[in-house]
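Novice: just need the structure, nothing else, for what follows:
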Amino acid sequence: MRVAAIDCGTNSIRLLIADTDGTALTDVVREMRVVRLGQGVDATGAFAPEALERTFAAIDEYAELITGHGAEHVRFVATSATRDAANRETFFAGVRERLSIDAEVITGEEEAELSFIGATAGLGASVDYPALVMDLGGGSTELVLGTDVVDSAFSMDIGCVRMTERHMHSNPPTEQEIAAAVADIDEWYDRARQTVETSQARTLVGVAGTITTVTAAYLDLPAYDPHAIHGAQLEVDRALGTCQKLATMTREERAALPYMHPGRVDVIGAGATVFSRLITRIVADAPGLTIRTSETDILDGIALGVARSRA
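Specialist: A predicted model of the protein is given here:
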């Protein structure tokens, strides 16, 4: 069957139209728009009018693609920013008007499970289990541990947009701002460890735009290349060095990088700080684990879930 999955996060909204039998996906369309839906939500608790406008414009584009490509079933999943916004009914109404379906606001734990399904399905035999999937988004970061099924998951409110707005105010960030961010990350990771036994992990699989962009920097790519990024294995010290470099660059220096999406320029420093600190803490708990990057993630998990529910 042909399905359409939309993942609406804090920073970006993405569309996947794919043909599937419920076990594998064949891409028809894969699109991403940086709309920054979560702009200011951490501080105000509500969506900004201009953020809704940007998001609705992207959904209008996606609605045309879904109709044009004849997707039989559509699922729209909203994550961290929408969980936090007081005026989310305005958002829901806009989605319903454009797609004739309801947006589903999933919990952090549901988000983690979908990320695990999508990330591990895309890497196949290169994953040594148990695997720990890290989905580093705009508003939150999920950690999920599992083998054939998810064993445990935890959602932390430390995404790249949220951390930028909360801590990273200078250009480049000051040592004090980075230290405050690290303290925030440590507090959340300590909470996550009470639920997720990260010491059991043998592979850390990183997904979503911050981690794929860090991987592009790690590989020193001349342009963003998802095929080169997907499945890449990261050596710990070099990955940490890459994160530090991105975190301490000016916005102008980041914007000049050939693989950098314009919508990530102002938040990649905070995202790299989250990734770096979590790598440090996780490796300390699980020495010797392998780190890999996956280009397949929650979006693929959503699409597979649609197919399985209709089988």
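
Novice: tell me where the stretch 51-200 of the chain is predicted with low confidence.
Specialist: Counting by pLDDT under 70, the ranges of the stretch 51-200 of the chain that qualify are 80-81.

Novice: ok, the closest residue to residue 198 other than its chain neighbours - contacts?
Specialist: Computed as C-beta to C-beta, 6 or more residues apart in numbering, the closest residue to residue 198 that is not its neighbour in sequence is residue 285, at 4.8 Å. Bear in mind the C-beta positions are built from the backbone N, C-alpha and C, glycine included. When contacts are counted by C-beta atoms under 8 Å, 6 or more residues apart in numbering, residue 285 touches 193, 198-199.

Novice: out of the residues you listed, who's nearest residue 170?
Specialist: Checking those against residue 170 by C-beta to C-beta gives residue 193 as the nearest, at 30.7 Å.

Novice: that closest one: neighbouring residues, count only.
Specialist: Residue neighbour count, defined by other C-beta atoms under 10 Å, stands at 16 for residue 193.

Novice: may I have the phi/psi pair for it?
Specialist: phi -60, psi -20 (degrees, to the nearest 10).

Novice: now do the one 10 residues further on
Specialist: Main-chain dihedrals, residue 203, degrees, to the nearest 10: phi -130, psi 130.

Novice: can you check residue 167 too?
Specialist: phi -130, psi -40.

Novice: so it sits right up against residue 182, yeah?
Specialist: No: counting by C-beta atoms under 8 Å, residue 182 is not a contact partner of residue 167; they are 9.2 Å apart.

Novice: the two: which is more packed in?
Specialist: More neighbours surround residue 167 than the other of residue 167 and residue 182, with 23 against 16 (other C-beta under 10 Å).

Novice: dump the residue contacts of that one.
Specialist: Counting by C-beta under 8 Å, 6+ apart, residue 167 touches 173, 177-178, 180-181, 184, 270.

Novice: of those residues, which belong to helices?
Specialist: Counting by DSSP state H, the contacts of residue 167 place 177-178, 180-181, 184, 270 in helices.

Novice: between the residues you listed, which sits nearest residue 64?
Specialist: Compare each of the ones in helices among the contacts of residue 167 with residue 64 using C-beta to C-beta and the shortest gap goes to residue 270, at 33.5 Å.

Novice: let's see the pLDDT reported for that closest one.
Specialist: Residue 270 carries a pLDDT value of 94.

Novice: same question, the one 4 residues further on
Specialist: At residue 274, the pLDDT value in this model is 97.

Novice: for burial, what's the neighbour tally of it?
Specialist: Residues near residue 274, counting by other C-beta under 10 Å, number 29.

Novice: sorry, back to before: and the residue nearest to residue 198, how far is that from residue 28?
Specialist: 40 Å (C-beta to C-beta, to the nearest Å).

Novice: residue 25 and residue 7: what is the separation?
Specialist: According to C-beta to C-beta, residue 25 and residue 7 sit 14 Å apart.

Novice: hmm, back to that, now the contacts of residue 285 in CSV, please, with extra columns for distance to residue 46.
Specialist: Below are the contacts of residue 285 laid out as CSV (distance: C-beta to C-beta, whole Å):
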residue, distance to residue 46
193, 32
198, 34
199, 39
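
Novice: out of those residues, which comes closest to residue 112?
Specialist: residue 198 (13.2 Å).
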